[in-house]
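Asker: Sequence first, then the predicted structure:
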Amino acid sequence: MSYGTPPPPPGGPYGAPQAYGGQPAGPPPANNLVWAILTTLFCCLPLGVASIVFAAQVNGKWAAGDVAGANDSARKAKQFAMWGAIAGVVVIVLYIVLIAVIGIGASTNN
Amino acid sequence: MSIEVNAPAQPSLLRRGVVRFSATTLAAVAAAGVLATVDPNRPGHYPTCPFLWATGYYCPGCGSLRAAHDLLHGDLAGALHRNPLAVILLPTVLAAWVFWGLRLAGRTTWSPTNIRPGWIWGLFAVVMLYWVARNIPGWTWLSPA
């Protein structure tokens, strides 16, 4: 788990400027938490749950001085939320196409 | 390296941020308009949740369309009945949208990235427990049915 007491600062393996306590200078990468929540609750796709996990990792890794790890988690949080949203939109579009072409909509329940 | 969205030295980034903010806002308003008029309680208006369709179990998002429809018509009790977690989290999403706008205006630097990891892990735990709890037979107060 990536919360709790941060481990001791690494010896600058990524060459990032080090501030106090091993936390790199500047703001951490955006954790995309809101997109994760939106995908979880409004796309009906569990991909959003994976996105929440990666969003949670961003700040912990950043505070531990792991710049590459924080950026990687932020990128994955974004990708999972995005793919969840895209899959949701694709399902809706396919559904509309199916209704228009075949007319199966009347038998399907929400 | 990360970039400060509201740094005055980055006018092109600020412009891109404003475009994204405006596009997101317009899309949300359009979605709310559709959801308010096209009733998700009527079958055939929207597709079934793919997870529910494939497994027969409710996911954490099931019922959120009907909950949002209820909220848009001022029915808070109905919305809480369909998906209480979505109703509870909606104000945090709206707050994040407000802070996004304030950041672009240079009024604050706070973003959801500042939320302590422990809280996000807590959210993850709540979502997982909610996922299980709303599928327990007899516990219909969390399920959208």
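Answerer: Happy to help now that I have it.
Asker: Give the buried residues for the lowest-mean-pLDDT helix or strand in chain B.
Answerer: Ranked by mean pLDDT, DSSP states H and E, the weakest helix or strand in chain B is helix B:50-55, scoring a mean of 85. By 16 or more other C-beta atoms under 10 Å in any protein chain shown, the buried positions in helix B:50-55 come out as B:50-52. (Each C-beta comes from the backbone N, C-alpha and C, glycine too.)
Asker: residues in contact with that helix?
Answerer: The contact list for helix B:50-55 (C-beta atoms under 8 Å, 6 or more residues apart in numbering or on different chains) reads A:44-46, A:87, A:91, B:57-59, B:62.
Asker: pull the longest helix from chain A.
Answerer: helix A:67-101 (DSSP state H).
Asker: Find the nearest non-adjacent residue to A:A30, please.
Answerer: B:T113 (5.2 Å; C-beta to C-beta, 6 or more residues apart in numbering or on different chains).
Asker: Contacts only, for that neighbour.
Answerer: A:27-31, A:33, A:58-59.
Asker: got it, and A:I37?
Answerer: A:48, A:52, B:89, B:92-93, B:123.
Asker: nearest to B:V19, of those residues?
Answerer: B:V93 (20.3 Å; C-beta to C-beta).
Asker: ok, so what distance separates B:G118 from chain A?
Answerer: To chain A, B:G118 is 5 Å away according to C-beta to the nearest C-beta, to the nearest Å.
Asker: what helix or strand is that residue on?
Answerer: helix B:117-133 (DSSP states H and E).
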